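In: got a structure for you, letters missing:
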């Protein structure tokens, strides 16, 4: 057998054990990090960090059964230790359970039923946290939840939910348990995360691990590292100073959730992040792109695994309990979400403008959202180039007299534009220099759309689905909706033909 001796100075901030009691540094009992448990999925093909606490300066021996290498590490003066175990690539159809043991001062901790595959961290607010089963009055559960839950028997899909907690300071511990996905364990698990994992399992035929760490009503700034917020004067003023002395708003205040629900996971080997959040930042159109980008960069720095992919959900059509069809504040927020793609590398976004649940802030169609996120990951991270992962996106707009011609990037090489209901494309508006928008008639011609509006003799601007809750019918032939857009940068506009005005 090959022996490796590693002495580390791996300083962690926590000085309490899992029960929160102060330990004598000279008699620290061996413990593993909370993220490391039996039944977990270990990320394939990258070093697997094993870490925890032990008696200061003592030796810790790590053994595993997927190779014959034995790793010996030394705890630092505070009892913190860490070692990296090489991991082989996952093999298609291989669901062999493995074992890892950690020994120190006569105590051995054995992790069993470990699978080697792909692990993703899913986080955000209530729509990521929304459980498969109803949680009335907050949400009604996913569509057909009774049958969906009953069918959720996937032993090679492993799930863990980080219990909700907030903290003023970075924490090393959390509460949560790795489980096989069964009808009993999936009931209270997030629907988007489950459907994402199920799709990956089906397509890749390797073990999949899903870590869910989300909290309803939370803001982007609450998931962002303290040092990253304070480094930006605008963030400090808006997101830190506002709530520094407001104890009633601790959970939406900066850093509270990062400290307790992301920081303890930072050494866990993962493939990437999923993010479904934005409702609580809907009024933050000016800063959200930069804030979200700052959050992502901070996570990547903390996890120290390179530019991990970050895929997120653009907000669905929602009327915010206001009947005026021409309300558009949410459209500007969606635009801010799209801007994250421009300023942050290795990011992707799914569009949901075809979702018709405009009165629900918690849409039930989580299976479609999970599938779209999974297809995005499959296409970009797993070389499934046969999939179509993106919907149509504006490529070019030409104004020619009264006619407007829009050319699209369809989202696939041989794809085409369609409408899902075989009717004309909806929610196109044009305006002249007076900044008054009128509804335009739209016709599909190949990969272009021709707009015509007899009320605007010389159009200079186009908007598509740039409102709070337009349910769109334009898509590619893979069924993925077109991305909303505007060609103008006008801060204020008028819509002439509001159908709700009498």
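Out: Yes, it's here. Treat the numbers as computed from the prediction; the structure is a model and nothing was measured.

In: hey, let's count contacts and neighbours off CA atoms from now on
Out: OK.

In: Just the helices from the protein, written as ranges.
Out: 126-129, 145-150, 183-186, 191-204, 226-230, 233-235, 256-257, 288-303, 329-343, 366-381 (DSSP state H).

In: now the fourth one and helix 366-381, what's the angle there?
Out: In this case it means helix 191-204. Helix 191-204 and helix 366-381 are oriented at 50 degrees to each other (axes from the mean of the first three to the mean of the last three CA atoms, to 10 degrees).

In: Please point out which parts of helix 191-204 sit buried.
Out: For helix 191-204, a neighbour-count test (16 or more other CA atoms under 10 Å) marks 191-201, 204 as buried.

In: and it, what other elements does it pack with?
Out: Helices and strands touching helix 191-204, by 3 or more CA pairs under 8 Å, 6 or more residues apart in numbering; DSSP states H and E, are helix 126-129, strand 154-161, strand 208-214, helix 366-381.

In: distance between that helix and the chain's centre?
Out: Taking CA atoms, centre = their mean, to the nearest Å, one finds helix 191-204 lying 14 Å from the centre of the chain it belongs to.

In: Run through who's touching it.
Out: 92, 122, 127-132, 142, 156-157, 186, 207-210, 212, 366-367, 369-371, 373-374, 378 (CA atoms under 8 Å, 6 or more residues apart in numbering).

In: Identify the farthest-apart pair in the buried residues of helix 191-204.
Out: 191 and 204 (19.8 Å; CA to CA).

In: Point out where the stretch 351-500 of the chain drops to low pLDDT.
Out: Where the stretch 351-500 of the chain drops to pLDDT under 70, the residues are 497-500.

In: all strands of the stretch 1-150 of the chain, in order?
Out: Along the stretch 1-150 of the chain, counting by DSSP state E, counting those that start in this stretch, strands occupy 3-7, 31-32, 41-43, 48-53, 59-64, 70-74, 80-85, 98-104, 107-124.

In: if you compare those strands, which one is most tucked away?
Out: Most buried of those, by mean neighbour count (mean count of other CA atoms under 10 Å): strand 41-43, with a mean of 27.

In: Run through the neighbouring helices and strands of it.
Out: Packed next to strand 41-43, using 3+ CA pairs under 8 Å, 6+ apart, are strand 107-124, strand 208-214.

In: Of those strands, which is nearest residue 283?
Out: Across the helices and strands packed on strand 41-43, closest to residue 283 is strand 107-124 (CA to CA), at 16.9 Å.

In: so where's the chain uncertain?
Out: Checking the chain against pLDDT under 70 turns up 1-25, 244-255, 497-502.

In: Present the helices of the chain as JSON lines; the columns should include distance to residue 476.
Out: Formatted as JSON lines, those follow (distance: least, CA to CA, whole Å):
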{"stretch": "helix 126-129", "distance to residue 476": "26"}
{"stretch": "helix 145-150", "distance to residue 476": "28"}
{"stretch": "helix 183-186", "distance to residue 476": "33"}
{"stretch": "helix 191-204", "distance to residue 476": "21"}
{"stretch": "helix 226-230", "distance to residue 476": "39"}
{"stretch": "helix 233-235", "distance to residue 476": "39"}
{"stretch": "helix 256-257", "distance to residue 476": "38"}
{"stretch": "helix 288-303", "distance to residue 476": "27"}
{"stretch": "helix 329-343", "distance to residue 476": "19"}
{"stretch": "helix 366-381", "distance to residue 476": "14"}
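
In: what's the closest of those to residue 65?
Out: Among the helices of the chain, the nearest to residue 65 by CA to CA is helix 191-204 (23.5 Å).

In: Out of the helices of the chain, which is the most enclosed?
Out: helix 256-257 (a mean of 28).

In: from the chain's centre, how far out does that one sit?
Out: Chain-centre distance of helix 256-257: 17 Å, with CA atoms, centre = their mean.

In: Ok, stretch 490-499 next?
Out: Computed by CA atoms, centre = their mean, the separation of stretch 490-499 from the middle of its chain amounts to 33 Å.

In: Show me what it is in contact with.
Out: Contact with stretch 490-499 is made by 325-326, 435-439, as judged by CA under 8 Å, 6+ apart.

In: Please flag which of the residues you listed sit within strands.
Out: 436-439 (DSSP state E).

In: Buried subset of those residues, written for PyMOL?
Out: To isolate the buried members of the ones in strands among the contacts of stretch 490-499 in PyMOL, using 16+ other CA under 10 Å:
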select buried, resi 436+437+438+439
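
In: and which of the ones in strands among the contacts of stretch 490-499 is nearest residue 38?
Out: Nearest to residue 38 out of these is residue 439 (CA to CA; 58.4 Å).

In: For the nearest residue to the closest one once chain neighbours are set aside, give me its contacts.
Out: Nearest residue to residue 439 in three dimensions, chain neighbours excluded: residue 429, at 4.5 Å (CA to CA, 6 or more residues apart in numbering). Going by CA under 8 Å, 6+ apart, residue 429 touches 437-440, 462-464.

In: So which of those residues is the closest to residue 424?
Out: Nearest to residue 424 among the contacts of residue 429: residue 440, at 10.7 Å, using CA to CA.

In: And the closest one, how far from residue 464?
Out: Here the distance between residue 440 and residue 464 works out to 10 Å (CA to CA, to the nearest Å).

In: anything in contact with each of the two?
Out: 427-429.

In: out of the helices and strands packed on strand 41-43, which comes closest to residue 74?
Out: Using CA to CA, the helices and strands packed on strand 41-43 put strand 107-124 closest to residue 74, at 15.2 Å.

In: Quick check, residue 66 in contact with residue 98.
Out: Yes. Counting by CA atoms under 8 Å, residue 66 does reach residue 98; the two are 7.1 Å apart.

In: can you list the contacts of residue 429 in JSON lines and add distance to residue 295?
Out: Supplementary listing: these in JSON lines, determined by distance: CA to CA, whole Å:
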{"residue": "437", "distance to residue 295": "36"}
{"residue": "438", "distance to residue 295": "39"}
{"residue": "439", "distance to residue 295": "38"}
{"residue": "440", "distance to residue 295": "39"}
{"residue": "462", "distance to residue 295": "32"}
{"residue": "463", "distance to residue 295": "30"}
{"residue": "464", "distance to residue 295": "29"}
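
In: Among those residues, find me the one that's closest to residue 356.
Out: Of those, the one sitting nearest to residue 356 (CA to CA) turns out to be residue 464, at 16.7 Å.

In: Beta-bridge partners for that closest one, please?
Out: Legend: beta-bridge partners of residue 464 under DSSP bridges are residue 428, residue 485.

In: Hmm, it is touching residue 431, no?
Out: No. With contact defined as CA under 8 Å, residue 464 does not reach residue 431; the gap is 11.8 Å.

In: Pretty sure residue 450 sits against residue 400.
Out: No. Judged on CA under 8 Å, residue 450 makes no contact with residue 400 at a distance of 10.7 Å.

In: Which residue of those two possesses the greater neighbour count?
Out: Set residue 450 next to residue 400 and count neighbours by other CA atoms under 10 Å: residue 450 wins out with 17 against 11.

In: and the nearest residue to that one once chain neighbours are set aside, what is it in contact with?
Out: Nearest in space to residue 450, with sequence neighbours left out and distances taken as CA to CA, 6+ apart, is residue 405 at 4.7 Å. Neighbour list for residue 405: 397-399, 448-451 [criterion: CA under 8 Å, 6+ apart].

In: mind checking how far stretch 448-464 is from the chain centre?
Out: Offset of stretch 448-464 from its chain centre (CA atoms, centre = their mean): 36 Å.

In: coming back round to it: same list, the helices and strands packed on helix 191-204, but as JSON lines with distance to residue 300 please.
Out: What follows is the helices and strands packed on helix 191-204, written out as JSON lines (distance: least, CA to CA, whole Å):
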{"stretch": "helix 126-129", "distance to residue 300": "20"}
{"stretch": "strand 154-161", "distance to residue 300": "21"}
{"stretch": "strand 208-214", "distance to residue 300": "16"}
{"stretch": "helix 366-381", "distance to residue 300": "17"}
